[in-house]
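> No sequence on hand, only this structure:
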C-alpha cells in the first residue's frame, strides 16, 4: 500500500499482471546481473501472461548472470540489450535460449581487459596462414585407430588434421585394420601400430609433432599401453573419447598423468567424460544447478585444467576452454553463430583432428583449442542443413578463404 501511494502522483497505479497482459511491448528491467536466487512467484505470474514482445535489460529476469541457469524465468525474450560486453549468463547454459536476439551496446568504457576475464574463442589467423617451406615445416600429425570395423572416427580425425594444414598426417592402426583404412584414404599415410612398443618406436621420429588418441580407439589393455607410450614421448597430445576413459583410470602421480602435464596436451571431454575424470567437479556443477548456487561451467573447467596440468576443452553448445594458468575462453554456438547441425555423429572426432593439426603446426595448446573450436562452428554454419561429419573438413578451405588466408 505504501508503494502504491508513493507512485500515485505519477499516474494511475494498477496490478502488474494486468498491465503486462495487455501491452504490445514489455521491457523486463526487474532484476539486474546480480540475481542469484529464485525469482519471486509474483514476478513469474506477472511476466508469464505477456502476449506482446518482451525486451530484457541486461538479462531476462530469472537467468543467472554467472551461470546462465534458469532460476525461475517466466518469459522468453525477443531481444536482450546489455552494455559494454556480453556476460557469462548470455552464453552459458540456458541463457541463449531465454535471451532471444542479443545486442551489446557500447557505453564508452575503455582500457585493457582485466586479467582473468573470460574471452571469446577466436581463431589465431596469423598462425593459420601458411608460409613457404617443406611439408615437415608444417608438422606431422599421427592419429591412432582402433580395430577393424571401428576406424571411421580415426579417419575423420586424420582428415581434419590434414585439412587444418598439417604437412603430413599418418594414421597408426592395428595390422589387421590396414586394408580397411587403405581402401578409404589417399593423402593420409598408414603405419602398423600393433602395441605400445610399435608406437614408442614410431615416436622416435621427432618429426612427429602431435598425436591424437581416442576416437574409436578402444579402452582395453592394448590401448592403455598406447596411452602410456604416448605420454612418455615428446609429441603434443590430443586426448579424446576412449583416451579420456583410460586417463580417468590412471592413478594420480603416475607416469601417464605426469606425461599429460609435461607435454603440450589438450583434453576434449563432453559432459559424461568430464564426470568420469573429475566426478567431484561434475557433482558440484550438478548440485549448483539444482540449488541455484553459483558454480559455473567456466569454474569447473578452470579447476579441471589446473588439476590435470593441460588445456581442457569442455564440449557443448557453450564450449568452455581453460588453460592451467587460468586463461579461459568460451565458444558459443548460439545467436548469430548458432550451429545446430553439429549435433551429428563424428563431429567431435573431426574437432579432435582439427586440434591435432593445429598442434602439429606448432600452435600453443590454448590457441589451438580456441582456433579449432571456432573453425569447427564456422564450417558447420557455412555448410548448413544436412551437415554430416565428413563435410566439416571439406568445408574448411572455404572458411580459410573467408578469413583471407
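Structure received. Keep in mind it's a predicted model, so treat the numbers as computed, not measured. Numbering: from 1, shown residues only.
> Give the closest residue to the residue nearest the centre of the chain in space, chain neighbours not counted.
Ranked by distance to the mean C-alpha position of the chain (Cα atoms, centre = their mean), the top residue is residue 319 at 2.5 Å. Closest residue to residue 319 apart from its sequence neighbours, by Cβ to Cβ, 6 or more residues apart in numbering: residue 331 at 4.4 Å. (C-beta placed from N, C-alpha, C; glycine too.)
> now residue 281
Distance criterion Cβ to Cβ, 6+ apart; nearest residue to residue 281, sequence neighbours excluded, is residue 300 at 4.7 Å.
> Over to residue 150?
Spatially, and ignoring its direct neighbours in sequence, residue 150 is nearest to residue 216 (4.5 Å; Cβ to Cβ, 6+ apart).
> Domain-wise, how is this protein divided?
2-111, 125-402 (automatic domain parsing).
> Averaged pLDDT, the last one. What do you get?
Averaged over domain 125-402, pLDDT sits at 95.
> what about the strands in this protein?
Using DSSP state E, the strands of the chain run over 25-28, 53-57, 79-83, 101-105, 119-120, 140-144, 168-173, 189-192, 208-213, 236-239, 265-267, 311-314, 318-322, 328-332.
> Would you enumerate the residues in contact with the spatially closest residue to residue 394 that is not a sequence neighbour?
In space, not counting the residues next to it along the chain, residue 394 is nearest to residue 163; the distance is 7.4 Å by Cβ to Cβ, 6+ apart. Under the criterion of Cβ atoms under 8 Å, 6 or more residues apart in numbering, the neighbours of residue 163 are 354, 357, 393, 394, 396, 397.
> do residue 47 as well
For residue 47, the contacting residues are 20, 26, 28, 30, 54, 61, 74, 75, taking Cβ under 8 Å, 6+ apart as the criterion.
> what about the spatially closest residue to the third one that is not a sequence neighbour, how many residues close to it?
In other words, residue 28. Distances taken as Cβ to Cβ, 6+ apart put residue 56 closest to residue 28, at 4.4 Å, once the chain neighbours are dropped. Counted with other Cβ atoms under 10 Å, the neighbours of residue 56 add up to 28.
> Cross-check the contact I'm expecting between residue 56 and residue 73.
No. The pair residue 56 / residue 73 is not scored as a contact, 9.6 Å apart, by Cβ atoms under 8 Å.
> got any residues that touch both of the two?
Common neighbours of residue 56 and residue 73 (criterion: Cβ under 8 Å, 6+ apart): none identified.
> Phi and psi next, for residue 167.
With angles defined as degrees, to the nearest 10, residue 167 shows backbone torsions of phi -60, psi -40.
> start to end distance for stretch 230-239?
Using Cα to Cα, to the nearest Å, the end-to-end distance of stretch 230-239 comes to 10 Å.
> Could I get the buried residue list for it?
Buried positions in stretch 230-239, judged by neighbour count with 16 or more other Cβ atoms under 10 Å: 230, 231, 232, 233, 235, 236, 237, 238, 239.
> now for the residues you listed, which pair is the farthest apart?
Greatest spatial distance among the buried residues of stretch 230-239 (Cβ to Cβ): 232 and 238, at 16.4 Å.
> Break down the stretch 1-150 of the chain into its helices, ranges please.
With DSSP state H, counting those that start in this stretch as the criterion, the stretch 1-150 of the chain has helices at 2-7, 16-21, 41-47, 88-91, 95-99, 125-128.
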